[in-house]
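Visitor: predicted coordinates and the sequence they were generated for:
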Amino acid sequence: MHSRFVTIAGYKIHVLEAGTGPLVLLLHGFAGSAEDWRPTVAAVANMGYRAMAVDALGFGRSAKPGDAPYSLALMARIYTEIIEQSGVTQATLIGHSMGGKYALATAVLHPERVNGLVLVASDGFVEASRLTMAGGWPLVGPAILWLSAQPRVVRMLLTAAFADPERHLTAEILERGRAALIGADNRRALTALSRQYAATDLGLTGLRTRLGELTMPTLLVWGESDQVFSVEACGYAARSEIPEAHLVVLPRCGHFPQIENPRLFQGVLTGFLAGLG
């Protein structure tokens with residue numbers, strides 16, 4: 001497994017990759033990074049695919065500009081150009097949480113580049129809270145970021161994201177979550193992202209109304225105990241709005257089924273990828 005950088009639309013984007021074969025892009029969630037996908041990258045590579053986890057613009061080791069548009073259109077362009085630079089015409093996208101929203105935007109705007117979708121506890125099916133949108137306000141935004149980065153708050157938020165936090169919430173996960181919220185570069189990017197939230201919302205951009213246009217095979221994976229984007233509010237909505245989408249609900253999992261039950265998650269993923277031919 002190795003990491004490298006590509007330049008897309010003038011931005012340096014970091015990717016973590018392994019394996020050879022059909023291309024699979026893995027997109028992380030908010031305050032996450034490609035590192036969150038490391039075990040899955042290895043598993044997908046062992047299945048016979050070229051697995052590539054991408055640090056989203058503003059996260060991980062990718063560029064963190066304060067003046068980027070941070071729109072769904074830009075994110076879709078980045079992933080599409082990564083596919084093209086990889087020397088192939090299509091890829092399967094696996095998106096977790098925020099990454100699911102980015103994967104959906106890419107599939108709607110560039111369907112010719114996506115041959116399959118896997119959405120894991122995906123964002124995009126709830127309205128933004130006032131607190132989320134307030135992240136871009138002067139003074140208020142920095143205060144929210146400062147509070148969110150406090151160790152006790154990070155632990156509280158991540159504890160709620162796992163069905164069994166005592167078993168799965170490791171010191172490494174806690175540190176990665178906190179590290180994504182501290183430092184001038186991270187805070188500048190997160191503030192810019194919050195300031196332009198309307199451009200990254202499936203509903204406000206009109207892209208959610210176009211989900212019915214999707215024709216590629218789509219797998220939805222949710223944890224039955226997800227308290228961030230619950231299967232009742234989001235998983236069923238995704239299944240009803242995306243044609244022929246297949247929903248799999250994993251028991252004893254919260255918002256991170258790929259971490260809480262990696263064997264079952266990877267088994268479901270293996271069957272889906274094999275079915276794409």
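Guide: Right, received. Where do you want to start? Residues are numbered from 1 along each chain as shown.
Visitor: which parts of stretch 10-28 are buried?
Guide: 11, 13-19, 22-28 (16 or more other C-beta atoms under 10 Å). In short, each C-beta sits where N, CA and C put it, glycine included.
Visitor: for it, measure first residue to last.
Guide: Terminal residues of stretch 10-28 lie 21 Å apart, using C-alpha to C-alpha, to the nearest Å.
Visitor: what about it, distance to the chain center?
Guide: Distance of stretch 10-28 from its chain centroid, counting by C-alpha atoms, centre = their mean, to the nearest Å, is 13 Å.
Visitor: do stretch 248-255 as well
Guide: Distance, centroid of stretch 248-255 to centroid of chain: 17 Å (C-alpha atoms, centre = their mean).
Visitor: doesn't E35 fall inside a strand?
Guide: No - looking at E35 with DSSP: H, G, I helix; E, B strand; the rest coil, it is helix, so not inside a strand.
Visitor: contacting residues around it?
Guide: L16, A53, G60, R176 (C-beta atoms under 8 Å, 6 or more residues apart in numbering).
Visitor: which strand or helix spans M52?
Guide: strand 50-54 (DSSP states H and E).
Visitor: what about that strand, average pLDDT?
Guide: Throughout strand 50-54, pLDDT has a mean value of 98.
Visitor: which strands and helices sit next to it?
Guide: Other elements packing on strand 50-54 under the criterion 3 or more C-beta pairs under 8 Å, 6 or more residues apart in numbering; DSSP states H and E are strand 11-18, strand 23-27, helix 38-46, helix 72-85.
Visitor: quick one: which of these is nearest S97?
Guide: Closest approach to S97 among the helices and strands packed on strand 50-54 (C-beta to C-beta): strand 23-27, 9.1 Å.
Visitor: next, the angle strand 11-18 makes with the closest one.
Guide: Angle of strand 23-27 versus strand 11-18, following axes from the mean of the first three to the mean of the last three C-alpha atoms, to 10 degrees, is 120 degrees.
Visitor: partner strands of strand 23-27, with direction?
Guide: Strand 23-27 pairs in its sheet with strand 50-54 (parallel), strand 91-96 (parallel), by DSSP bridges.
Visitor: turn these into a markdown table, including distance to G277 and mean neighbour count.
Guide: Below are those laid out as a markdown table (distance: least, C-beta to C-beta, whole Å; neighbours: other C-beta atoms under 10 Å):
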| stretch | distance to G277 | mean neighbour count |
| --- | --- | --- |
| strand 50-54 | 16 | 26 |
| strand 91-96 | 11 | 27 |
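Visitor: could you pull out the helices for the chain?
Guide: Using DSSP state H, the helices of the chain run over residues 38-46, 72-85, 98-109, 130-134, 140-148, 151-161, 165-168, 171-179, 184-195, 236-241, 257-260, 262-275.
Visitor: need the winner for burial among these.
Guide: Comparing the helices of the chain by mean neighbour count (mean count of other C-beta atoms under 10 Å), helix 98-109 ranks first with a mean of 27.
Visitor: quick one, it and helix 184-195 angle?
Guide: Orientation note: helix 98-109 sits at an angle of 50 degrees relative to helix 184-195 (the same axes, to 10 degrees).
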